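# generate a structure from the sequence data that follows.
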Amino acid sequence: MSATLRLTREGVGIELVRGQFEISVDGKSVGSVKYGETAETLLEPGGHVLRIRKGRYSSRDRPFDAADAEVISFRCHGAMVWPRYVASLVKPDLAISLMRS
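Residues are numbered from 1 along each chain as shown. As a prediction, the model looks like this:
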C-alpha cells in the first residue's frame, strides 16, 4: 500500500513570497501548490524529507515518517512579516514556513 502526503497552503495576512510553490519529497519534485489550495501525493511507507521551494527561496527540510495508509498533513505559507522576508534575503530557507498539522 501507500501513504498520502497532504499539503495545504494558507496563512493569515499577505504573503510576501508569492506564486506557485514547488513541492519536493526526498529531493524529487512531486507537484506544486498555489495559495488557498491543497495538494496530495502518494508516498511509499517509511522515512521522507519534505521541502517547499519558490525560486531561490525555500522552507527548511522537514523529516517525517509515513506508515501504510496514513495521511500526513502539513501546511505552508510564504513570509508574511517584513523582518522575516528581509532575513530570507540572506538565509533563503526562512522565506517559506512549513508546519505539520
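# element containing Ile52?
Assigned by DSSP states H and E, Ile52 belongs to strand 46-54.
# now that strand: buried residues?
Within strand 46-54, the residues that qualify as buried are His48, Leu50, Arg51, Ile52, Arg53, Lys54, counting by 16 or more other CB atoms under 10 Å. Backbone N, C-alpha and C define where each C-beta goes, glycine included.
# stretch 16-27 too?
Leu16, Val17, Phe21, Glu22, Ile23, Ser24, Val25.
# please enumerate the helices of this structure.
Ranges of helices in the chain, per DSSP state H, are 82-90.
# with just CA atoms, put the helix-or-strand element of the chain with minimal mean pLDDT into PDB.
Within the chain, no helix or strand scores below helix 82-90, which has a mean of 90 by mean pLDDT, DSSP states H and E. Provided in PDB are the C-alpha atoms of helix 82-90 (Å, rounded to 0.1, in the frame of the first residue of the first chain):
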ATOM      1  CA  TRP A  82       8.800  42.100   6.700                       C
ATOM      2  CA  PRO A  83      11.700  41.200   9.100                       C
ATOM      3  CA  ARG A  84      11.400  37.600   8.200                       C
ATOM      4  CA  TYR A  85      11.300  38.400   4.500                       C
ATOM      5  CA  VAL A  86      14.300  40.600   4.800                       C
ATOM      6  CA  ALA A  87      16.200  37.900   6.700                       C
ATOM      7  CA  SER A  88      15.300  35.400   3.900                       C
ATOM      8  CA  LEU A  89      17.300  37.600   1.500                       C
ATOM      9  CA  VAL A  90      20.400  36.400   3.400                       C
END
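# so what touches that helix?
Helix 82-90 is contacted by residues Leu16, Val17, Tyr57, Ala79, Leu94, Ala95 when judged by CB atoms under 8 Å, 6 or more residues apart in numbering.
# could you report the neighbour count for Gly78?
24 (other CB atoms under 10 Å).
# what sits against it?
Gly11, Glu15, Leu16, Val17, Arg18, Phe21, Lys54, Tyr57, Ala95, Ile96, Ser97.
# can you check Glu10 too?
Tyr35, Gly36, Arg75, His77.
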